[in-house]
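[1] Using only what follows, build the 3D model:
(2 chains, ligands or ions: 1)
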Amino acid sequence: MTRHLLSIDDLGADGIAEVLEVTDSFAEVARRAIPKVPTLRGKTVATLFFEDSTRTRISFETAAKRMSADVLSFAAGASSLKKGESLRDTIETIEAMGIDAVVIRHPSSGVALQATRWLTGPVVVNAGDGWHAHPTQALLDLYTVRELLGGDSRCFEGLRIAIVGDIRHSRVARSQVAAYTAMGAKVTLVGPATLLPPSVEGWGVESVTSVIDDVLPAADVVSLLRIQAERGSGAFLPSLREYTSEFGLTMERARCLPSTSIVLHPGPMVRGVEISSDAAELPQVHVTRQVANGVAVRMAVLFLLLGVPGSAGVPGSADSGRAVSAAGAPPPGASSGPELRAGGRDGG
Amino acid sequence: MGGDPGASWHGASVTDTPVVLVRGGSLVVRDAAGRPAGLVGATGRSRRSASTSNGAPAVVRQADLLLSGGRIVQVGHDDGRGGTLDAPVGATILDASGCLVLPGLVDIHTHLRQPGDEEAETIESGARAAALGGFTAVVAMPNTDPPLDSASAVRDVLSLARGAPVDVHVAGAITVARSGERLAPMAELARLGVRLFTDDGNGVQSAGMMRRAMQYARGLGVTVAQHCEVDSLARGGAMHEGEWSSRLGLPGIPASAEEAMVARDLILAAETGARLHLLHLSTRGSIGLVRDAKRAGVPVTAEAAPHHIALTDASVATYDPLFKVNPPLRTDDDLRAVRDGVADGTVDAVATDHAPHRSETKDLPFDQAPPGMLGLETALAVVLTMMPDLPPARLIEVMSSGPASIAGIDARGGGAHGGTVEVGSAANLCIVDPEASWVVDRTRLASRSTNSPYAGHKLRGRVRHTVLHGEPVVVDGEALR
Ligand SMILES: [Zn+2]
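    Okay, here's the model as predicted:
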């Protein structure tokens, strides 16, 4: 396992498969009556969000708490930086607090990587940086697909993936492309030309198109991206209405999809723009499942980055008696692989 | 300009300069007859000869120089014994063995930050950095705070530059407050000796305003220098738009943002007949446009920055704001085109675009950090390292005579820079060991800022001595002022 999780490239195919396997164990925990295990007892996880994203922050914090880690939540608005404190100052205060993992979200690309240069102790988990990367979102998408297909990580081989929308400004799209292509899937990018990246050199995608109707009939997975309202202001698109008519997943388009297709959306989904309200109710749409899997995937990531070899799989006493009894045999019950490889922190 | 100190302050007083013997160095000599007699290579590679871009053959030969009264008064004869001279009693001796003795370098694109951001750089610290880099003259850019758009602002900078180890000239703003709306008092500034006008940092966006400025400048006999960047194409961009910006998720600045303005201004220069200088060209397209325009007789000169012949946009993969600069680092293909332009004469000057920034600004996210990198102390070494096959005569053209001519501070412009190393010339010299390797240490830079993209990297070619108007200002790599 990598020391930090900044982008999908840190994992590679083996790393992705490992995260997905470990996620299986934590998904099982999530289904228990009291979904808590002592795995990260004594560890402190800080969430440092320079950009509002309640959903992602809550998902990480829930993941950390379910593993009995202490959680510190910093809502570091842009205001503290405006007062003259540099990004580096803000991040370096974390160092002094004896924190084990920092989960960072920032509106600028590259900040998670910059943070690793300024921190010597904590591991860094990128919870989204600018347009660059959002690796846990991509991992939870892959986990959801794998779960729905009922296979192991080989299920992605040759799978046809359509990623639709504002690829240019999307960290989710970049991480999805990296993850799906690493696992052998065939990715097609679909969007208006103004919202496609200037270059896809090195992305490993099969094709890029602005005609969604050419893509849907053969798509195994359709991943819709959120279109921010300001994109419809005329600078990139004439209007959101025109986007919906050209790229929105309407009922008519949904009928072109194979019945086995999986439709995903990282949320929050804007009904009536990237998907119509009725299409959003179709059984192929698995947004709720994505949210549930998000916590399990983030538990797996924190476990792999922070878990102490030898102790991770051992039942211990969590901070309450109830948790101990409820935890039973904490994860990963089935696999000893993660324990062997979780020592990255000591080695690093 | 004659005896008028003009838009500069000559740091050394000519009358009390010492007698200096420059011993054992090698001169790049232009031989009109093309007689490659008695050559000794500067670097042991003997009989190194080269053509300059205008076809005149040039040779390298070893000879001592005697400097007195701010001039070169004697050059060792080409006698096959190393051209040695005897040192007069009391003369200062500079050991130039293994070195090329070049005319002092001239940088026509220096941001000295004073007035306004003295924490990043001052005229004093920037001038020291320049001297250590082998420069004997710099042209300070007008994007200070306040900007150099008035006679008083220009006078202030010139008076602060008194006693500096390089001659500090200034460029004036084209428009008031560099806002692109009203012409700055160009005639008044020209009377103070300003020869170059630019809103650098901004391009003049309005074609109408640029055309007006060129017409007015033509009447004054001064040069308009453009920072070529169409705002509507570049706005919000943080790096070159292409493969790397797409991967890294950073907003891009397309090559067209530069090239569209280059093309527009070449058309305006052809029409108005004004002398146009194009700052820091960075793309293959720009180089091609200038090459064609020169062939067509358009009165244009062009410069390129050392970082655009050394670094590409792939460096940004670290998200280290040290690699943020404007125009941005481009592709490998662009870099090769810029090098070709430097070699073939399309590019007239290598100019540093030395842009100091306080360290905390480089601790910002990449997209929020200000663009710019240091250049004065590394420029010559970067050129020698990245273009080792550049003939010495061409090196002199792009780093001394070319920029001096553009800035109007060569002999033709009434100045003392960019001349040849021969008897009677002003003793402005850059004495460089072209084979000496060194590692750039950001803690040892003379600049007040440390934003060098070369920090920790090994470069080849080290300035040993710099002589300003006959007086050594850098000796054995140490600044004396
Ligand atoms: Zn500029």
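
[2] and B:Asp64, what does it touch?
    B:Asp64 makes contacts with B:Leu21, B:Val22, B:Arg23, B:Gly24, B:Gly25, B:Val75, B:Gly76, B:Gly82, B:Gly83, B:Thr84, B:Leu85, as judged by CB atoms under 8 Å, 6 or more residues apart in numbering or on different chains. (Each C-beta comes from the backbone N, C-alpha and C, glycine too.)

[3] and if you look at B:Leu480?
    Contacts of B:Leu480 by CB under 8 Å, 6+ apart are B:Pro165, B:Pro472, B:Val473, B:Val474.

[4] Widest-spaced pair of these?
    Pairwise distances across the contacts of B:Leu480 (CB to CB) peak at 9.8 Å, for the pair B:Pro165 and B:Pro472.

[5] Overlap in contacts, the two.
    Joint contacts of B:Pro165 and B:Pro472 (CB under 8 Å, 6+ apart) are B:Thr466, B:Leu480.

[6] Verify the contact between B:Val398 and B:Ala351 for me.
    No: counting by CB atoms under 8 Å, B:Val398 does not reach B:Ala351; the two are 9.2 Å apart.

[7] one step back: quick one: which of the contacts of B:Leu480 is nearest A:Val221?
    For the contacts of B:Leu480, the nearest to A:Val221 is B:Val474 (64.8 Å; CB to CB).

[8] Okay, and the beta partners of the closest one?
    B:Thr466, B:Ala479 (DSSP bridges).

[9] What pLDDT is listed against B:Pro18?
    As predicted, B:Pro18 sits at a pLDDT of 86.

[10] And the one 4 residues further on, by the same measure?
    Among the per-residue scores, B:Val22 shows a pLDDT of 97.

[11] what's the answer for B:Thr136, then?
    98.

[12] which residues of the stretch 201-348 of chain A score low on pLDDT?
    For the stretch 201-348 of chain A, residues meeting the criterion pLDDT under 70 lie at A:308-348.

[13] try 50
    A:310-348 (pLDDT under 50).

[14] For the nearest residue to B:Glu241 once chain neighbours are set aside, what are phi and psi?
    Once flanking residues are discounted, B:Glu241 sits nearest to B:Gly252: 2.4 Å by CB to CB, 6 or more residues apart in numbering or on different chains. Backbone torsions for B:Gly252, taken as degrees, to the nearest 10, come to phi -100, psi 160.

[15] for B:Gly252, which residues make a bridge with it?
    Counting by DSSP bridges, the residues bridging with B:Gly252 are B:Met239.

[16] Return the distance of it relative to A:Thr188.
    Distance of B:Gly252 to A:Thr188, given as CB to CB, to the nearest Å: 23 Å.

[17] Just want to know which of the two has more residues nearby.
    B:Gly252 (25 against 20; other CB atoms under 10 Å in any protein chain shown).

[18] For the more buried one, which residues are in contact?
    Applying CB under 8 Å, 6+ apart, the residues contacting B:Gly252 are A:Pro198, B:Gly237, B:Ala238, B:Met239, B:His240, B:Glu241, B:Gly242, B:Ser245, B:Ser246.

[19] before we move on, back to that, nearest to chain A among the contacts of B:Asp64?
    The closest of these to chain A turns out to be B:Gly25 (CB to the nearest CB; 43.2 Å).

[20] Might one say that the closest one is in contact with B:Arg61?
    No: using CB under 8 Å as the test, B:Gly25 is too far from B:Arg61 to be in contact (10.2 Å).

[21] The two: who's more crowded?
    Taking other CB under 10 Å, B:Gly25 and B:Arg61 do not tie; B:Gly25 has more neighbours (28 against 25).

[22] burial count for the residue of the stretch 51-200 of chain B found nearest chain A?
    When scored by CB to the nearest CB, the stretch 51-200 of chain B has B:Glu119 as its residue closest to chain A, at 13.5 Å. Neighbour count of B:Glu119, defined by other CB under 10 Å: 14.

[23] Surely it is in a strand?
    No: counting by DSSP: H, G, I helix; E, B strand; the rest coil, B:Glu119 is not part of a strand but coil.

[24] Dump whichever strand or helix holds A:Gly294 to PDB, restricted to CA.
    Using DSSP states H and E, A:Gly294 sits within helix A:287-306. The C-alpha trace of helix A:287-306 is given here as PDB (Å, rounded to 0.1, in the frame of the first residue of the first chain):
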ATOM      1  CA  VAL A 287     -26.900   6.200  -6.400                       C
ATOM      2  CA  THR A 288     -28.000   5.200  -2.900                       C
ATOM      3  CA  ARG A 289     -25.800   2.200  -2.900                       C
ATOM      4  CA  GLN A 290     -22.900   4.300  -3.900                       C
ATOM      5  CA  VAL A 291     -23.400   6.500  -0.800                       C
ATOM      6  CA  ALA A 292     -23.500   3.400   1.500                       C
ATOM      7  CA  ASN A 293     -20.400   1.900  -0.200                       C
ATOM      8  CA  GLY A 294     -18.600   5.200   0.300                       C
ATOM      9  CA  VAL A 295     -18.200   4.700   4.000                       C
ATOM     10  CA  ALA A 296     -16.900   1.200   3.600                       C
ATOM     11  CA  VAL A 297     -14.400   2.100   0.900                       C
ATOM     12  CA  ARG A 298     -13.100   5.000   3.100                       C
ATOM     13  CA  MET A 299     -12.800   2.600   6.100                       C
ATOM     14  CA  ALA A 300     -10.700   0.300   3.800                       C
ATOM     15  CA  VAL A 301      -8.500   3.200   2.700                       C
ATOM     16  CA  LEU A 302      -7.900   4.400   6.300                       C
ATOM     17  CA  PHE A 303      -7.300   0.900   7.500                       C
ATOM     18  CA  LEU A 304      -4.800   0.200   4.800                       C
ATOM     19  CA  LEU A 305      -3.000   3.500   5.400                       C
ATOM     20  CA  LEU A 306      -3.100   3.400   9.200                       C
END
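
[25] Show me what that helix packs onto, helices and strands only.
    Helix A:287-306 sits against helix A:12-30, helix A:54-66, strand A:101-106, strand A:123-129, helix A:135-149, helix A:337-341, helix A:344-347, with contacts defined as 3 or more CB pairs under 8 Å, 6 or more residues apart in numbering or on different chains; DSSP states H and E.
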